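Colleague: coords please:
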Amino acid sequence: MGERVDLSRFAQLVRERDGFLIMTHCRPDGDTVGSAAALCLILRAMGKSAYMMANPEITDRYAAYAEGLFAPEGFEAGTITAVDLAAETMFPQGFAGGEVELCVDHHGSNTIYAKYALVMPEKAACGEIVLELARELGVRIDKDIADRLYVAVSTDTGCFMYRNTTAGTHRAAAELIDAGADFGGLNVKLFRKVSAARLRLEGLIYGSMKSYYDGRITVATVTLDMMRSSGAQERDCDDLASLAGRVQGSVCSATIRENENGGCRISLRSGFDVNSSDVCARFGGGGHPMAAGCAMDCPPDIARERLVAAIIEEWKK
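Modeller: Okay, here's the model as predicted:
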């Protein structure tokens with residue numbers, strides 16, 4: 001068990017260290033990639049040696065923001081730093097081990113596995129924390145850093161539509177735009193354009209959706225057969241978790257994705273009536289009160305039954 005520290009103490013720890021190797025979580029999203037890449041550039045602006053740890057699961061959607069930042073072969077890390085990574089179960093594929101010295105995260109469920117953890121669950125995205133850290137460290141936010149932090153903040157809030165978005169989130173975005181972030185181009189790239197395979201997959205997902213609890217719970221399933229028939233690849237699957245919540249009247253939505261090993265990954269989104277993290281904790285997962293995830297070692301149909309039952313139980317508490 002490590003130590004939870006505040007922003008000022010964390011900044012001091014950063015100043016005292018070097019040889020940073022920055023780790024993103026498995027199945028990386030825009031927040032972990034954008035925040036890690038921005039932190040890498042911030043550390044380099046301080047004259048530190050800093051690289052991102054290779055993550056084979058980074059998709060084409062986010063790869064450009066990490067380009068040129070990955071550690072060269074043979075790099076010996078002095079300070080392993082995790083970004084947007086709540087628990088050891090989220091370590092990326094190929095992690096060779098070693099003590100995680102520092103962690104920057106916004107998940108209230110963070111297990112404090114790192115030696116020193118800066119955890120700010122009131123922030124909608126880890127990118128907001130990295131922005132505050134840059135201010136604390138006295139590093140100017142240039143366009144390259146601003147672009148990456150905008151990716152982080154915008155994707156973790158669904159382009160500022162999710163309920164985790166706060167006035168502070170908007171102020172952070174405005175600061176990044178003032179610093180040169182290409183918000184128009186990034187918004188089109190991240191939220192408007194998708195592949196033809198993604199559109200075919202979405203059609204199959206919408207067609208398979210099921211509603212429960214008088215329409216207040218909506219569950220979408222993504223099977224391996226759907227992936228094959230649509231021609232979709234992993235790069236086409238970013239933010240599938242948001243689709244089920246689009247149904248009118250839906251308050252709590254879930255996306256169940258079938259794995260090659262016969263199990264499922266579940267993403268849960270909710271309003272204030274249900275705590276998503278508490279529901280997912282029943283199955284060994286966790287996250288935020290309004291956005292969480294877990295895994296189940298069973299087929300999608302059984303996973304759906306178990307999940308819906310758990311959601312209703314939590315709702316009735």
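Colleague: Assign the residue in the chain sticking out farthest from the centre to helix, strand or coil.
Modeller: Relative to the centre of the chain, the most outlying C-alpha is that of residue 214, 30.2 Å out, by CA atoms, centre = their mean. Under DSSP: H, G, I helix; E, B strand; the rest coil, residue 214 falls in the coil class.
Colleague: Over to residue 202?
Modeller: Following three-state DSSP, we place residue 202 in the helix state.
Colleague: which residues touch the lowest-mean-pLDDT helix or strand in the chain?
Modeller: When each helix and strand of the chain is scored by mean pLDDT, DSSP states H and E, strand 286-288 comes last, with a mean of 85. Contact with strand 286-288 is made by 86-87, 107-109, 121, 164, 268, 276-277, 280, 292-294, as judged by CB atoms under 8 Å, 6 or more residues apart in numbering. In short, each C-beta sits where N, CA and C put it, glycine included.
Colleague: Most neighbours among those residues, which one?
Modeller: residue 268 (30 neighbours; other CB atoms under 10 Å).
Colleague: From what I see, residue 66 and residue 52 are in contact.
Modeller: Yes - under the criterion of CB atoms under 8 Å, residue 66 makes contact with residue 52 at 5.6 Å.
Colleague: Now the common contact residues for these two.
Modeller: Shared contacts of residue 66 and residue 52 (CB under 8 Å, 6+ apart): 36, 37.
Colleague: thinking again about what came up before, packing partners for the helix or strand that comes right after the least confident helix or strand of the chain?
Modeller: Following strand 286-288 in sequence order, the next helix or strand is strand 291-296 (DSSP states H and E). When contacts are defined as 3 or more CB pairs under 8 Å, 6 or more residues apart in numbering; DSSP states H and E, strand 291-296 packs onto strand 264-270, helix 276-281, strand 286-288, helix 300-316.
Colleague: Distance from the chain centre to stretch 135-153, please.
Modeller: 18 Å (CA atoms, centre = their mean, to the nearest Å).
Colleague: got the buried residues for that stretch?
Modeller: Buried residues in stretch 135-153, defined by neighbour count with 16 or more other CB atoms under 10 Å: 136-137, 139, 141, 144-153.
Colleague: try stretch 285-297
Modeller: Of the residues in stretch 285-297, 285, 286, 287, 288, 289, 290, 291, 292, 293, 294, 295, 296 count as buried by neighbour count, 16+ other CB under 10 Å.
Colleague: Contacts made by the helix or strand harbouring residue 101 with the rest, please.
Modeller: Using DSSP H and E, residue 101 sits in strand 100-105. With CB under 8 Å, 6+ apart as the test, strand 100-105 has contacts from 2, 10, 13-14, 17, 23, 35, 39, 79-86, 110, 112-120, 126, 129-130, 133.
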